[in-house]
Structures are given as structure tokens and as C-alpha cells.
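>>> I would like to see how this sequence folds:
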Amino acid sequence: MRSPDTSWSVGVLLPRDLPVDLVLPYARRAEELGFGSVWVVEDLGYRGGIAQATAVLSATQRIRVGIGLLPAGARNVAFAALEIATLAQLFPGRTDVAVGHGMPDWMRSVGQWPRSPLTLLHEYVDALRALLRGDLVHRQGRYVNLDGARLDPSARPEVVPGVLAGVRGPKSLAVSGEVADGTVLAEPVAPEYVRAALGHIAATRPHRLVAYNAASVDTDRAAALDAVRPGLEWIGEPDWRAHVAPLPFADELAELRAGSASREEFVRAVPDAWIGRLAVAGTPQDARTRLDGLREAGVTDAVLAPVGPDPMGALDSLAAVLDGGR
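Numbering: from 1, shown residues only. Next comes the predicted model:
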């Protein structure tokens with residue numbers, strides 16, 4: 001059977017550079033506070049997503065664990081299915097996995113950037129979902145070639161995990177809508193971007209939408225907004241254009257970046273009002289209002305990325321957005 005659809009969940013991101021001795025305490029604390037999910041990060045040079053997910057699932061009792069994201073070019077799809085199916089058997093109904101292109105520079109540095117990333121993603125996600133269902137899979141694609149691959153009945157999960165696509169561009173979003181169970185949008189995610197993305201996804205069956213956002217909650221609104229600034233220094237770069245293009249200040253933001261000598265100078269000059277649109281930040285009520293806007297726009301899973309030097313303390317502050325505050 002399939003995992004039940006999730007209508008709304010607020011989760012947290014496990015920072016990729018979290019000190020290793022805090023990884024499991026962080027996940028346990030997120031569960032204690034009532035967050036619905038914790039998403040681990042697989043970035044080149046940091047920690048592996050599947051290994052982190054296994055450890056976090058073992059150390060917790062109920063919280064869902066998402067892997068965001070596995071680069072399609074990095075793993076043979078049949079062997080990826082083995083790992084994911086094993087997690088889903090051992091921890092039924094608690095695992096989500098996102099697959100994406102991977103950052104082009106990273107993938108090129110390890111010789112795994114395909115000539116057609118869209119084709120690879122389409123073939124990979126389609127085959128991975130079929131394998132996890134227990135299908136006998138024959139594929140002769142440009143990148144994915146399977147000649148009768150299948151999970152043994154003893155290895156098939158009773159609850160099939162969702163396979164989401166972590167993408168941002170219009171063509172990639174369309175692929176996600178066609179073959180994936182959901183889409184993961186990297187930060188920053190404003191309601192305007194959500195609506196634009198859903199237009200490109202154009203899914204014809206249930207489709208989850210996971211939205212990452214830098215987050216800071218404080219009774220001092222100005223302090224919370226300042227805390228998220230460092231996490232937004234990339235938003236003026238070309239790769240993030242899709243995130244800000246639907247916003248009414250997109251042209252002004254581009255001009256500000258063009259006139260700034262560095263990303264750090266740029267983000268210091270971004271007005272507070274824009275910061276508030278590009279993050280879940282401010283007082284607890286500000287943050288809850290921002291989450292309400294994302295939910296109304298179509299987000300099913302909001303994932304908050306804590307900022308600042310004290311990620312454990314940030315978790316407690318972010319919990320103020322749950323169930324009307326704590």
C-alpha cells in the first residue's frame with residue numbers, strides 16, 4: 001500500500017554542517033518538540049543522506065525522515081531502490097526521499113553531470129518508483145537500463161515511500177509533475193513562487209509540495225530578520241532567479257545585487273520587508289502568518305532551516321510556530 005497523503009506538516013532541516021555529536025540529539029529534540037519531520041541533507045563533501053536517515057530513524061520513534069536530496073547521477077537506480085526499500089521496511093511510513101539533478105559544479109567535479117539532466121531525472125524517478133512498488137522493471141533508456149530488475153518479495157516495503165523530485169526550473173518542475181510523488185523546493189520559497197511552481201508541475205494525481213525556508217523566530221522582530229540574512233546571500237545569483245522572479249520586487253533585487261561588490265554587501269542592503277518575504281522570520285505570529293500563506297498557496301510540508309550558531313536553541317525557538325505557540 002502507499003503512504004498516506006500528508007495534508008500539512010511543519011518540519012525542520014538538519015543542518016549539513018551540524019557537529020556530529022549533535023546530529024542525533026537534534027533529531028530527538030525535533031521529535032520531542034512536535035515537529036512532523038526532519039530532513040537530512042546530502043551535499044558533496046558533507047554527510048551521506050541515506051546513512052544520516054538510517055541513524056535518525058533508529059534514534060527516534062515517530063518523526064518522518066526525509067532525504068533531500070539524492071543526485072540521480074550518483075547512484076545506480078536499482079541499488080538506490082535497495083537502500084530506500086530497506087529503510088521503508090525497517091521504519092514503515094516514516095521515510096521520504098527526494099531525487100534531483102545535483103548542483104552542476106559538484107556533479108561535474110565527480111564526472112557525473114549528464115548531457116541531458118531532464119532525461120536522466122525522468123528515467124530515474126520513473127524506474128525508482130516502479131522498483132519500490134515491486135514491479136518487474138524493463139527499461140532501455142538513454143541513462144537508465146534495467147533488464148528485469150525487481151525487489152525480492154522479502155525486500156518489498158509494505159508502505160511504499162514517496163519519491164519526490166528536488167528541482168527548481170520550469171522544465172524540471174514539469175518532469176516532477178509527470179513522474180514524481182511530490183516536489184521539494186529549495187529555499188527561499190514565497191507563496192508567489194509556490195503558485196508559479198505548481199503551474200509548471202501541473203500534476204494530474206496527488207502531489208506533495210515540500211518547501212524549505214531559512215527560519216528564525218524571536219520576540220524581537222529585527223533580531224530574527226537579521227539572523228536569517230546570511231542564509232539568503234545567494235538569492236541574487238542566477239541559479240536562484242526562479243525563486244524570486246514571481247515577487248514584485250524581483251527587478252529591484254536584481255539591481256541591488258548588480259550594484260553590490262559581494263554577496264555579503266548585497267544581503268546586508270536587502271530591506272527588512274523583502275527579508276520577511278524570503279524567509280519564515282520574525283515574531284512567532286509573523287512566522288505563523290508566513291506559514292499560513294505557504295499552506296494556502298499549496299505547500300503540504302513546510303521545512304524550517306534554523307540559522308545562527310546554536311541550532312539546538314534555534315529548534316526550541318522555532319517550535320513557537322507549532323500548534324499556536326508554546
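
>>> what mean pLDDT would you report for the helix or strand where residue 79 lies?
Here residue 79 sits within helix 77-90, counting by DSSP states H and E. For helix 77-90, mean pLDDT rounds to 98.

>>> Next SSE downstream of it?
Assigned by DSSP H and E, the successor of helix 77-90 is strand 95-100.

>>> Pull up the pairing partners for that following strand, direction included.
strand 64-71 (parallel), strand 162-166 (parallel) (DSSP bridges).

>>> quick one on the thing from earlier: specify the angle between the helix holding residue 79 and strand 64-71 in degrees.
Angle between the axes of helix 77-90 and strand 64-71 is 170 degrees (criterion: axes from the mean of the first three to the mean of the last three CA atoms, to 10 degrees).

>>> And helix 77-90, what does it pack against?
The contact analysis (3 or more CB pairs under 8 Å, 6 or more residues apart in numbering; DSSP states H and E) places helix 77-90 against helix 49-59, strand 95-100, helix 117-133, strand 145-149. Placement of C-beta: from N, CA and C, glycine included.

>>> for those, which one sits closest to residue 181?
Closest approach to residue 181 among the helices and strands packed on helix 77-90 is made by helix 117-133 (7.2 Å; CB to CB).

>>> can you map out the helices along the stretch 151-300 of the chain?
170-179, 191-201, 221-228, 241-244, 250-258, 263-269, 272-278, 284-297 (DSSP state H, counting those that start in this stretch).

>>> The closest residue in space to residue 208 that isn't next to it in sequence: what's it in contact with?
Nearest non-adjacent residue to residue 208, counting by CB to CB, 6 or more residues apart in numbering: residue 182, 3.1 Å away. Contacts for residue 182 (CB atoms under 8 Å, 6 or more residues apart in numbering) come out as 96, 162, 164, 165, 176, 207, 208, 209, 210, 300.

>>> Show me which of the residues you listed are buried.
The neighbour count (16 or more other CB atoms under 10 Å) marks 96, 162, 164, 165, 176, 207, 208, 209, 210, 300 as buried among the contacts of residue 182.

>>> now these as CSV including distance to residue 115?
Listed next are those as CSV, based on distance: CB to CB, whole Å:
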residue, distance to residue 115
96, 29
162, 29
164, 24
165, 19
176, 20
207, 28
208, 30
209, 29
210, 28
300, 33
